[in-house]
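Participant: Have a look at this fold, sequence not included:
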């Protein structure tokens, strides 16, 4: 309310408009439409311009405010110009003549500040709107350019298609000219009509050219009000525009809401053009010549894929050769090679054994070789002093640790020569007949063989075997005539006996060195070492030390605390801790190396025997050991060898099994009995010797059946297996653990322990002999002739006989012979002389006889009396 004064000094209250800084805003709602039928209702506000001084005329000009206002200070006072002072303004009046109250200075400053802020906000909103318009126009320009490029590509495709059609028509016309002028004229008329139809219509005078006829240049952009860019409007044409082609992805909504039918795609036009040109005809393809890798066996599908041929073509070739196959059939490498060469490919044959290539026997560079120690194997007959001789050389006492005083394990040691200081590797082999395989292994890995012969015993069977092993290995031999300290020693007799086996010593004009030694008194041991060093110098033993190690497994065992342990003789290179090794079907990483003195070492060079820890399982004695580069190669080699081992075992079992009819016929004809056994030994060599000895015990009637054989102690699984087959468990230098012993006692399974191979073989031989059927032997007692046959009641027929030769005994076996034909065989039930039962009747006396359950006796028949004796057989 504003207080006013009238001429009558009356005060009136006049209602005025409320002062506010908010702009006038008009609101409304607008509904927006989106794709897929979606809509949205939004609120739209329309802001009006602000005015200073209300509805009446402004009484005072608003102070000038600069545009970029940072703060809100009070506006400076407006100074009057340097002219004549203006008269004071008249007080403002309303329409009704009421004088209005003038705004104070503070109110004017606050209103000016509010107006300045509003103007700054308007400028910022206008700037943001212009930037948004520019961004929208640039996006529309890019989309327009993309649409124009797509339209240009479509027109180019249509022009290319039109040119292809024209070329085809020309080719058809040229082809028709060969058959006559009439046809040529008709073809020309058709071509002219087609060209007239394809030509664009002529433009009428004054009609603007179509936009498609103009050259495509840069499109001019016009600026609208406010600086907003918009594309120039194309000139109008009188031609009726064609309906725009539907673009974008075909979805369910667009397919249902489309008004026209979709046109053919460009890919469809291309395919049609290619068919018309004949590109899809059966043209000969270029032959691809490949190098086909063919393994030992391959199926037809895989072979076709490797040749890039169809499998039906391969099957067709096989049918031409008379073989009917399916696509999944497996063919051998020879057939696959014939097919591949028939189809023009080159063949590369590979085998599964190729994984072992380069594993052994790599050639060393002659410049990198160094001298190595000789490997000497001591061989000879049992109890000829081989181990005692080595003990004398090593200053050790190995003999005391052997059961029964005989060597049953192969051993490897190193001895330093006292004169030269060089090391010599000795391999001690057992002399028992069962350890033939051990002696053969020792001969294979050795450089020199020392043949130990006792001077008081001479050449024995295992001595002859050792000579044959040395000759087979083609290694030099040194004869050591031991036990010359005995009174009955005859060294010359040994030399003479060796001549029978083509071993001629130097004293008899030969080339074999012989030394007379005594292991007990240590006589001539230095001379023996000197001869070994001389022979090694002649051989000139050298090898490469820095190459990966190769060697041979001399012995292997399963230690309860250390796991699989293999005694390996390194032959080439250097074996180090951490190397990945392969031996037979077993692999592993070297965890520790222990020499013959029991000392742990980090590496072992050539000719050094060591115990290797780290195998996954105990390898077979005699397997070759090699170091490989990584575990992948080791797994390839071991998997291949394990597969070969399983196949060989399966082949042997399948050969033994046969069909059910064959098994039954074999049981009927042979009746062979089996003695089931489970054998556990301490080392592989002993186990091999035991199995070989048990196999030799078998005959056509009885044989030892080895259910399981392994290295290590007797476990519960062995007892369980023995219980299922009622077998006997044999432990050689091993014992059963507590649980296995309790299970065997509970189930009644017999476990036998042995330390000497003689005792084991003899016990099994005696047990197998008990399975043999005894031999029945007939012993003739005498003959009697029937003189008369009497029929006695309650007794039956009784023959009155006279004994012609020998004696007749009651209860003996008899035969009734009539006309030299045996009519009956049985036993005597009654033998009487006069009325008394007698035990026997001598020759020339008469007696009465009756048979058991037989009464068809006639006068003149001959009774033959005999006894059957049972004789127990043995192997």
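Facilitator: Thanks, I have the structure now. Model, not experiment: these values are computed from the prediction.

Participant: helices or strands next to the lengthiest helix in the chain in the packing?
Facilitator: Counting by DSSP state H, the longest helix found in the chain is helix 105-176. If you count contacts as 3 or more Cβ pairs under 8 Å, 6 or more residues apart in numbering; DSSP states H and E, helix 105-176 packs onto helix 181-198, strand 229-231, helix 266-277. C-beta here means a position set from N, CA and C on the backbone, and glycine is covered the same way.

Participant: got a list of what the closest residue to residue 445 other than its chain neighbours touches?
Facilitator: With sequence-adjacent residues excluded and distances taken as Cβ to Cβ, 6 or more residues apart in numbering, residue 445 is closest to residue 552, at 4.8 Å. Taking Cβ atoms under 8 Å, 6 or more residues apart in numbering as the contact definition, residue 552 lies against 441, 444-445, 568-569, 571, 622-625.

Participant: at 6 Å what do you get?
Facilitator: Listed by Cβ atoms under 6 Å, 6 or more residues apart in numbering, the contact set of residue 552 reads 445, 569, 624.

Participant: how much space between it and residue 612?
Facilitator: 12 Å (Cβ to Cβ, to the nearest Å).

Participant: hang on, the earlier thing: comparing the helices and strands packed on helix 105-176, which yields the minimum mean pLDDT?
Facilitator: With a mean of 47, strand 229-231 has the lowest mean pLDDT of these.

Participant: Now do the residue nearest to residue 620 when sequence neighbours are not counted: how many residues are near it, please.
Facilitator: Among residues not flanking residue 620 along the chain, residue 584 sits closest, at 5.0 Å (Cβ to Cβ, 6+ apart). Taking other Cβ atoms under 10 Å as the criterion, the count of residues near residue 584 is 23.

Participant: And residue 584, its phi and psi?
Facilitator: phi 60, psi -130 (degrees, to the nearest 10).

Participant: can you pull the pLDDT of residue 522?
Facilitator: 85.

Participant: before we move on, what about residue 119?
Facilitator: At residue 119, the pLDDT value in this model is 90.

Participant: now it: how far from residue 689?
Facilitator: According to Cβ to Cβ, residue 119 stands 115 Å off from residue 689.

Participant: Between the two, point out the one with more neighbours.
Facilitator: With other Cβ under 10 Å as the criterion, residue 119 and residue 689 differ in neighbour count, and residue 689 comes out ahead with 25 against 14.

Participant: State the distance from that one to residue 696.
Facilitator: As for residue 689, its distance to residue 696 is 11 Å (criterion: Cβ to Cβ).

Participant: same thing with residue 288?
Facilitator: Using Cβ to Cβ, one obtains 62 Å as the distance from residue 288 to residue 696.

Participant: Over to residue 813?
Facilitator: Relative to residue 696, residue 813 is positioned 39 Å away (criterion: Cβ to Cβ).

Participant: Of those two, which one has the most company?
Facilitator: Neighbour comparison, residue 813 and residue 696: the larger count goes to residue 813, with 17 against 13 (by other Cβ under 10 Å).

Participant: what separates that one from residue 642, distance-wise?
Facilitator: To residue 642, residue 813 is 61 Å away according to Cβ to Cβ.

Participant: any idea which helix or strand comes after the host helix or strand of the residue nearest to residue 445?
Facilitator: Assignment of secondary structure by DSSP states H and E places residue 552 within strand 550-559. Per DSSP H and E, strand 550-559 leads on to strand 563-572 as the next helix or strand towards the C-terminus.

Participant: in that next one, what's buried?
Facilitator: Going by neighbour count (16 or more other Cβ atoms under 10 Å), the buried part of strand 563-572 is 564-572.

Participant: Then stretch 415-424?
Facilitator: In stretch 415-424, counting by 16+ other Cβ under 10 Å, buried: 415, 417, 422, 424.

Participant: Surely the first one and residue 393 touch.
Facilitator: Yes: counting by Cβ atoms under 6 Å, a contact exists between residue 415 and residue 393, whose distance comes to 5.0 Å.

Participant: mind listing what the closest residue to residue 388 other than its chain neighbours touches?
Facilitator: Counting by Cβ to Cβ, 6+ apart, residue 519 is the residue found nearest to residue 388 once chain neighbours are left out, at 4.0 Å. Under the criterion of Cβ under 6 Å, 6+ apart, the neighbours of residue 519 are 385, 388-389, 392, 482.
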